[in-house]
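1. For reference, the sequence and a predicted model appear below.
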Amino acid sequence: RGDEPGLRAYLDRYPDGLFAETAADRLTLIEEEKRRAAAAEDNAAWDRAREADTIEAYRDYLSAFSEASFEAEAEARIAELSQEVAQSDARAAAEAVERALGLNGLTARLVEQRLDAQGLEPGEVDGSFDEATRRAIRRYQRERDLDASGYLDEATVVRLLADSVEEIVDQ
């Protein structure tokens, strides 16, 4: 037989046979084709993982290929996505804490004014927290060794109030 098992059986039985060299050459071609097919399968699986772009998809890719061509890339992306999930969870928790403070529009405007007075560039002082306001809050929190979430919490509000009172007293 001219298939792989047949060629291997022939070479096992007749290692120096009349067609041993031909059989070995054909086996080499079969092995090369298998490597190409494996590489193509690996590439296709990697493309599917990239398209899905989920931790699960990258883990599936790694478990399907013991010697995955894109192992380092998959592991790096898993780490990035894991960090994004953690940050998203932390942001959701910070949003919930800020919401629980029950700040109204006037209070939000006062916070923006305080941040602006300190040169932290909160954007337009309009009582609405946008990305510029979040950045200014993070700067304020970092400068005062507070949890730099970019969202108000009790410690940040207390510190803003204390800074405001201190500024009034110093005048």
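-> Looks like it arrived, so ask away.
2. burial measure for Y61, as a count.
-> Look at Y61: counted by other Cβ atoms under 10 Å, it has 25 neighbours. Any C-beta I mention is one placed from the backbone N, CA and C, and that applies to glycine too.
3. Apologies, that question was intended for R109.
-> If you count neighbours by other Cβ under 10 Å, R109 ends up with 15.
4. Surely R26 and Y10 touch.
-> No. Contact between R26 and Y10 fails when scored by Cβ atoms under 8 Å: they sit 9.8 Å apart.
5. of these two, who's got more company?
-> Per other Cβ under 10 Å, whichever of R26 and Y10 has more neighbours is Y10, with 20 against 17.
6. Now do the helix or strand hosting that one: which elements does it pack against?
-> In this assignment (DSSP states H and E), Y10 forms part of helix 4-13. In terms of contacts (3 or more Cβ pairs under 8 Å, 6 or more residues apart in numbering; DSSP states H and E), helix 4-13 is packed against helix 20-52.
7. Buried by neighbour count: which residues of the helix it packs on qualify?
-> For helix 20-52, a neighbour-count test (16 or more other Cβ atoms under 10 Å) marks A23, R26, D42, A45, W46, A49 as buried.
8. Turn those into CSV, columns for pLDDT.
-> Below are the buried residues of helix 20-52 laid out as CSV (pLDDT from 0 to 100):
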residue, pLDDT
A23, 90
R26, 91
D42, 93
A45, 94
W46, 95
A49, 95
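9. Farthest-apart pair in those, please.
-> Maximum pairwise distance in the buried residues of helix 20-52, criterion Cβ to Cβ, is 38.4 Å, between A23 and A49.
10. so what's L120 up against?
-> Neighbour list for L120: A136, R139, Y140 [criterion: Cβ atoms under 8 Å, 6 or more residues apart in numbering].
11. Show me where the protein has its helices.
-> 4-13, 20-52, 55-64, 71-101, 105-117, 131-143, 154-170 (DSSP state H).
12. low-scoring stretches of this protein, by residue?
-> For the chain, applying pLDDT under 70 flags the ranges 1.
13. related to what we said a few turns ago, go through the buried residues of helix 20-52 and name the one nearest E73.
-> W46 (7.9 Å).
14. tell me the contacts of that closest one?
-> Y61, A68, S69, F70, E73, A74.
15. count of residues packed around L106?
-> Using other Cβ under 10 Å, L106 is surrounded by 9 other residues.
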